[in-house]
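**Q** structure for the following, please:
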Amino acid sequence: MKKTDQSKHNICISKIKRSTIKPYDDFQWAKFYEDNHSFFNAYPDISIQLNGEELLICSTIINSDNYSILTTQKLITLENGILESGFIIHAKNELYGNFKGYGNEKYTFGKIILENGKTMKYFIETGKASMIMISGVKTLIQIT
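**A** Residues are numbered from 1 along each chain as shown. Model (predicted):
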């Protein structure tokens, strides 16, 4: 049975909350979203197109030219102004990079393999915040 966008959102947000150390709002770049309005209120300059019932799950937004956003249907990454987007359905996790932040790196890249075989990167804030994007992406891939 196919899950609804609302169901995927609820499952991913619950997993993020179970995997991430509180307080959730202490992180510099990584955030998760209870609803779409909280994203658009926080980032009015970021324009993304959502399909039908698609919901925002989480993001790592470093600046207006470098960010990754996970929705219930796709992963969007803008790196140095270059936009990539891919649907999560039938994607596979590749790796999570140096998400613990060894060497004081503030962010790293995770990678997924899309259904068409293309590898796509996404930003992960290192340290405790890393579990927001890692849990969101991993969980969505598992349930899609």
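
**Q** can you tell me the helix or strand for the spatially most central residue of the chain?
**A** Centroid-nearest residue in the chain: L70, 3.6 Å away (criterion: C-alpha atoms, centre = their mean). Element membership of L70 [criterion: DSSP states H and E] is strand 66-71.

**Q** average model confidence for stretch 52-63?
**A** For stretch 52-63, mean pLDDT rounds to 97.

**Q** so S68 bridges to which residues?
**A** T60, T77 (DSSP bridges).

**Q** tally of neighbours for it?
**A** Residues within reach of S68, counting by other C-beta atoms under 10 Å, total 29. For every residue, glycine as well, the C-beta is placed using N, CA and C.

**Q** wait, it sits on I57?
**A** No: S68 is beyond contact range of I57, at 11.1 Å (criterion: C-beta atoms under 8 Å).

**Q** and the strand holding L70, what does it pack onto?
**A** Other helices and strands packing on strand 66-71, by 3 or more C-beta pairs under 8 Å, 6 or more residues apart in numbering; DSSP states H and E, are strand 56-63, strand 74-79, strand 119-125, helix 130-143.

**Q** what residue ranges in this protein are flagged as low confidence?
**A** 98, 101-102 (pLDDT under 70).

**Q** at 90 what do you get?
**A** Low-confidence segments of the chain, defined by pLDDT under 90: 1-2, 25, 94-105, 127.

**Q** hmm, back to that, report the distance from the strand holding L70 to the chain centre.
**A** 5 Å (C-alpha atoms, centre = their mean, to the nearest Å).

**Q** what does that strand contact?
**A** 12, 39, 46, 48, 50, 54-61, 75-80, 88, 122-124, 133, 136-137, 140 (C-beta atoms under 8 Å, 6 or more residues apart in numbering).

**Q** among these, name the buried ones.
**A** Among the contacts of strand 66-71, those scoring as buried are 12, 39, 48, 50, 54-61, 75-79, 88, 122-124, 133, 136-137, 140 (criterion: 16 or more other C-beta atoms under 10 Å).
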